[in-house]
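[1] Let's see this in three dimensions:
(5 chains)
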Amino acid sequence: MILAKVEGCVVATKKNAKMTGNKLLLVRPMVIDSASASEFKPGLSTLVAVDSLGAGENQVVLVVQGSSARLGTDAKDSPVDAVVIGIVDTVDMAKRILYRAP
Amino acid sequence: MILAKVEGCVVATKKNAKMTGNKLLLVRPMVIDSASASEFKPGLSTLVAVDSLGAGENQVVLVVQGSSARLGTDAKDSPVDAVVIGIVDTVDMAKRILYRAP
Amino acid sequence: MILAKVEGCVVATKKNAKMTGNKLLLVRPMVIDSASASEFKPGLSTLVAVDSLGAGENQVVLVVQGSSARLGTDAKDSPVDAVVIGIVDTVDMAKRILYRAP
Amino acid sequence: MILAKVEGCVVATKKNAKMTGNKLLLVRPMVIDSASASEFKPGLSTLVAVDSLGAGENQVVLVVQGSSARLGTDAKDSPVDAVVIGIVDTVDMAKRILYRAP
Amino acid sequence: MILAKVEGCVVATKKNAKMTGNKLLLVRPMVIDSASASEFKPGLSTLVAVDSLGAGENQVVLVVQGSSARLGTDAKDSPVDAVVIGIVDTVDMAKRILYRAP
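    Numbering: from 1, shown residues only, chains lettered A, B, ... in the order given. Okay, the predicted model is just below:
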């Protein structure tokens, strides 16, 4: 899984019928580039993940990708490859708290 | 899923029998390189995705990859790993509209 | 799927029994680095794909990867992750023909 | 599979119900950049993997990714794409011991 | 599939029960960076693949990744994502022999 920040959302009216009702979030993977890092850095691109937990903008979330993403939704036959499966409270690294949800 | 722009198409007469009737689009992933970005940037390469929605050139679409792509087609046993599952109307980021379909 | 050029082949006498009879092609992904590109560029590395269509050297082919690759072969339980599923006739981009098979 | 070092952990109270009880480790892939390398180098980013073996901070572990990760957990329908499946004792390269667990 | 060279091995005593008996090889993907290349170049990192064929150090092997890797082992429910499925005899490129096993 990856840590990512919710930055926005995507609307697509014309879509695969099995996607109806899925909220689509624009999320940016967060990078921790060394063990001595004191904060997250935003990654260089974004992906689109289905929200299953009511995540809001700027929240740090846990995103599962690939075929396992389907198991994070209510419909196992949805054509999705990235789903939010957790809203992160804290990230601890080397005994320090690197991130704590506001 | 990723956001991508339709840039062209691919024709292959000699192909796997299960691919018959699949329209093959050449799509370019779109990059949003920071939260303050005011527009999409085209990515550095392209991929080929099956069209399931009648997407046209220059439209921004949502592409699902991997095994989940098969669920975006009519035939679950098609040998495909990328399928268009949505035609994007808007992309919102940090309360701004980053993209709106013409 | 990706576009790739057939550059060679790989022979492995000692192999998994389910691979017997599979022709192994060395293929190089082709890159189209911008919408104004006038030609393909060869990518920086290669992969090995099973041939299911009799593709020859220098032909541009369509390669499917991941679990869907297995559906492009005769045996769904083959341990393969890349298979040629089309021999490309033309690639059109922005109303121009970028590639046409000789 | 990849070799990775456990650097921390992630807590998410609000999560997919099937994730309950899964300990989430922050792990950093380790890089061996040439055959003459005398040590591991930490990679540039991190991922989040489910612990199934009680791995502790600074241990080098073996991480499986993708759909196979689900088979490394007790529940095959968990929405997970990275799981720790081994705690590494030694890594040998070119007849030398590159890493030995303390 | 990818071409890789066997560079070492990994030992993990504490591991998922389904991994018992699997020999874990440290393999380095080999890069062929252009069609005029006269030799392989070692790639920048390594991965860990299950051996199913008795591959030895310095041999060039064919590695399958992802869910298909499981089909290269005796146990389809093993949590593995990379398996050696062939020991390479020759790699031909552009009518030249780029590699021949000693």
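
[2] switch to C-alpha atoms for all contacts and neighbour counts from now on
    Will do.

[3] can you give me the strands in chain A?
    A:2-11, A:14-15, A:23-31, A:41-42, A:47-51, A:60-65, A:82-87, A:90-93, A:96-100 (DSSP state E).

[4] Name the nearest residue to A:R70, sequence neighbours excluded.
    By the measure of Cα to Cα, 6 or more residues apart in numbering or on different chains, the closest residue to A:R70 outside its immediate chain neighbours is A:K76, 5.2 Å from it.

[5] Out of the strands of chain A, which is the most enclosed?
    Comparing the strands of chain A by mean neighbour count (mean count of other Cα atoms under 10 Å in any protein chain shown), strand A:82-87 comes out on top with a mean of 28.

[6] now it: mean pLDDT?
    Taken as a whole, strand A:82-87 carries a mean pLDDT of 98.

[7] That one and chain D, are they touching?
    Yes - legend: contact between strand A:82-87 and chain D by Cα under 8 Å from any Cα of the partner chain is shown at A:I85, A:G86, A:I87.

[8] distance of the closest residue to the last one other than its chain neighbours from A:E39?
    Nearest non-adjacent residue to A:I87, counting by Cα to Cα, 6+ apart: A:V61, 4.5 Å away. Between A:V61 and A:E39 the distance, using Cα to Cα, to the nearest Å, works out to 16 Å.

[9] same check, this time on A:Y99
    In terms of Cα to Cα, A:Y99 sits 7 Å off from A:E39.

[10] repeat for A:D77
    With Cα to Cα as the criterion, A:D77 and A:E39 are 37 Å apart.

[11] same question, A:Q59
    Relative to A:E39, and taking Cα to Cα, A:Q59 is found at 15 Å.

[12] Show me which of the two is the more surrounded one.
    Under the criterion of other Cα atoms under 10 Å in any protein chain shown, the comparison of A:Q59 against A:E39 puts A:Q59 first, with 17 against 14.

[13] was I right about the more buried one contacting A:L25?
    No - the criterion here is Cα atoms under 8 Å, and A:Q59 misses it with A:L25 at 11.3 Å.

[14] what do the two both touch?
    A:V6 (Cα atoms under 8 Å, 6 or more residues apart in numbering or on different chains).

[15] So which residue is smack in the middle of chain A?
    A:V63 (3.9 Å; Cα atoms, centre = their mean).

[16] so what pLDDT did that one get?
    For A:V63, pLDDT reads 98.

[17] For the closest residue to it other than its chain neighbours, which residues are in contact?
    In space, A:V63 comes closest to A:V84 once its chain neighbours are excluded; the distance is 4.5 Å by Cα to Cα, 6+ apart. Contact analysis of A:V84 by Cα under 8 Å, 6+ apart lists A:A49, A:V50, A:D51, A:S52, A:L53, A:V61, A:L62, A:V63, A:V64, A:G72.

[18] What of A:Q65?
    Listed by Cα under 8 Å, 6+ apart, the contact set of A:Q65 reads A:M1, A:D81, A:A82, A:V83, D:G66, D:D81.

[19] switch the cut-off to 7 Å
    Each residue near A:Q65 by Cα atoms under 7 Å, 6 or more residues apart in numbering or on different chains is listed here: A:M1, A:D81, A:A82, A:V83, D:D81.

[20] Spatially nearest residue to the second one (excluding sequence neighbours)?
    Okay, so that is A:D81. According to Cα to Cα, 6+ apart, the nearest residue to A:D81 is A:G66 (4.7 Å).

[21] what's around that neighbour, how many residues?
    Counted with other Cα under 10 Å, A:G66 comes out at 25.

[22] where does it land on pLDDT?
    97.

[23] now do the one 3 residues further on
    Among the per-residue scores, A:A69 shows a pLDDT of 96.

[24] Of all the residues in chain A, which one is nearest chain C?
    Nearest to chain C, among the residues of chain A, is A:S67, at 9.9 Å (Cα to the nearest Cα).

[25] roughly how far apart are that residue and chain B?
    To chain B, A:S67 is 6 Å away according to Cα to the nearest Cα, to the nearest Å.
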